[in-house]
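I would like to see how this sequence folds:
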Amino acid sequence: MALPQIRVTREEMRKRVAYFKDLKGFDGGLPDSQYPSAIRKLYNAVGFQPPKGKGGQEVVSPLGAEAAANAAIPISEGFNLGFCEARPGHGPMMHNHDTNETFMPLTGTWRCSWELDGREEYFDVGPWDVMSFPPGVNRRFENITHHEPEQSHFLLVVVSGDAPEADFSEQAKSTLREAGLYA
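Numbers count the residues shown, from 1 in each chain. Okay, here's the model as predicted:
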């Protein structure tokens with residue numbers, strides 16, 4: 001059986017082109033956005049629609065409310081693509097997704113960590129390396145390019161699903177409560 005084919009005009013296809021120079025980065029909209037070591041800028045290139053039917057602080061879009069509402073290519077076709085920009089020592093706190101999340105550093109070196117039996121495991125990955133987390137694993141990533149302390153670096157982030165959800169680990173929530181950043 002042949003796959004269906006559709007006709008797409010140049011004008012229609014232009015709506016599906018996101019030039020990086022035109023992307024707007026957001027540094028808010030997540031529970032850990034203002035925590036000092038978690039400060040980062042998130043760019044929504046494709047998808048990342050807000051989770052449907054959920055609200056409050058518990059479950060959020062992986063890129064946060066601000067970036068989720070501003071997709072350069074606002075489609076829901078089973079995946080989401082964005083970028084994280086962060087300085088060394090910065091990255092999100094330990095969190096979880098209901099879908100796969102895959103990382104590929106574009107610049108710098110990034111530590112991709114996950115929780116296992118009460119301890120943290122990790123792999124350090126550099127440009128063009130790929131790390132993929134399955135659904136349900138508490139994970140985080142951090143720019144560890146410490147020899148360039150003032151230089152921001154970029155990480156490509158791909159998350160499966162149409163409206164993926166994120167939640168933070170109990171330890172991250174406790175730390176955020178102590179800092180007055182989480183109710």
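
please enumerate the strands of this protein.
Counting by DSSP state E, the chain has strands at residues 25-26, 41-46, 79-86, 95-97, 101-105, 110-116, 119-125, 131-133, 139-143, 153-160, 166-168.

counting contacts, what elements does the fourth one pack onto?
So that's strand 95-97. Judged by 3 or more C-beta pairs under 8 Å, 6 or more residues apart in numbering; DSSP states H and E, strand 95-97 is in contact with strand 139-143, strand 166-168. No exception for glycine: its C-beta is placed from N, CA and C like everyone else's.

mind putting those in CSV, distance to Gly29 included?
As requested, the helices and strands packed on strand 95-97 are arranged in CSV below (distance: least, C-beta to C-beta, whole Å):
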stretch, distance to Gly29
strand 139-143, 17
strand 166-168, 11
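
kindly report which one of those carries the lowest mean pLDDT.
Per-segment mean pLDDT for the helices and strands packed on strand 95-97 reaches its minimum on strand 166-168, at a mean of 89.

centre of the chain to that strand, how far?
With C-alpha atoms, centre = their mean, to the nearest Å as the basis, strand 166-168 stands 11 Å off its chain's centre.

picking that back up, show me the one of the helices and strands packed on strand 95-97 that comes nearest Ser33.
Proximity of the helices and strands packed on strand 95-97 to Ser33 was assessed by C-beta to C-beta; the nearest stretch is strand 166-168, lying at 11.4 Å.

what packs against the closest one?
Contacts of strand 166-168 with other secondary structure elements, assessed using 3+ C-beta pairs under 8 Å, 6+ apart, are made with strand 95-97.

give me the neighbour count for Lys15.
By other C-beta atoms under 10 Å, the residues close to Lys15 number 12.

thought Ala72 was touching it, still the case?
No. Counting by C-beta atoms under 8 Å, Lys15 sits too far from Ala72 to count as a contact (9.7 Å).
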